[in-house]
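Participant: Quick one, structure for this:
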Amino acid sequence: MIQFKSEQGEISVSSAVFSNITGMAATNCFGVKGMAFRSMTDGLVHLLRREAMSKGVSITYHEDDSISIELHIIVENGVNLPAVCRSIMNEVRYMVAKNTGVTVRAVDVCVDSMTL
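Facilitator: Residues are numbered from 1 along each chain as shown. Okay, the predicted model is just below:
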């Protein structure tokens with residue numbers, strides 16, 4: 001959780017906010033089928049529904065009030081993986097900074113599966 005202090009009070013931004021913004025930004029990019037989650041019971045990669053996108057996102061907080069984001073995605077078959085990942089990195093960095101004002105140190109995109 002990141003906290004902002006001002007003369008008027010304190011604002012706390014939780015991990016759920018960052019996860020939801022990240023999930024929405026990533027799934028709006030071309031070629032992304034959805035967020036992915038690897039099940040611990042069977043080891044298979046599952047496509048997450050829109051309301052459970054935060055399971056595919058991991059947020060790491062740093063001392064300088066910046067964050068690092070790791071997200072797991074499923075892409076469509078036949079897309080250019082480096083171009084899609086670069087697009088996701090830029091979009092996630094922009095949307096998180098725009099909506100929260102927090103500096104994003106790194107965005108790591110893990111492609112877990114490809115749909116046919």
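Participant: Helices of this structure, start to end?
Facilitator: 15-27, 81-100 (DSSP state H).
Participant: Can you report how many residues neighbour the closest residue to Thr27 other than its chain neighbours?
Facilitator: Nearest residue to Thr27, sequence neighbours excluded (CB to CB, 6 or more residues apart in numbering): Gly34, at 5.9 Å. To be clear about C-beta, it is placed using only N, CA and C from the backbone, and glycine gets the same treatment. Number of residues near Gly34 (other CB atoms under 10 Å) recorded here: 20.
Participant: Show me the beta-bridge partners of Gly34.
Facilitator: Beta-bridge partners of Gly34, counted by DSSP bridges, are Ile74.
Participant: list the contacts for it?
Facilitator: For Gly34, the contact set (CB atoms under 8 Å, 6 or more residues apart in numbering) comprises Thr27, Leu47, Leu48, Met53, Ile73, Ile74.
Participant: ok, now which ones touch the third one?
Facilitator: In other words, Leu48. With contact taken as CB under 8 Å, 6+ apart, Leu48 is in contact with Gly34, Met35, Ala36, Phe37, Lys55, Gly56.
Participant: With distance to Gln3 as new columns, can the residues you listed be given to me in a markdown table?
Facilitator: Listed next are the contacts of Leu48 as a markdown table, based on distance: CB to CB, whole Å:
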| residue | distance to Gln3 |
| --- | --- |
| Gly34 | 32 |
| Met35 | 27 |
| Ala36 | 31 |
| Phe37 | 29 |
| Lys55 | 25 |
| Gly56 | 25 |
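Participant: List buried residues within those.
Facilitator: Gly34, Met35, Ala36, Phe37, Lys55, Gly56 (16 or more other CB atoms under 10 Å).
Participant: In JSON lines, list these along with pLDDT.
Facilitator: Converted to JSON lines, the buried ones among the contacts of Leu48 look like this (pLDDT from 0 to 100):
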{"residue": "Gly34", "pLDDT": "86"}
{"residue": "Met35", "pLDDT": "89"}
{"residue": "Ala36", "pLDDT": "89"}
{"residue": "Phe37", "pLDDT": "82"}
{"residue": "Lys55", "pLDDT": "82"}
{"residue": "Gly56", "pLDDT": "86"}
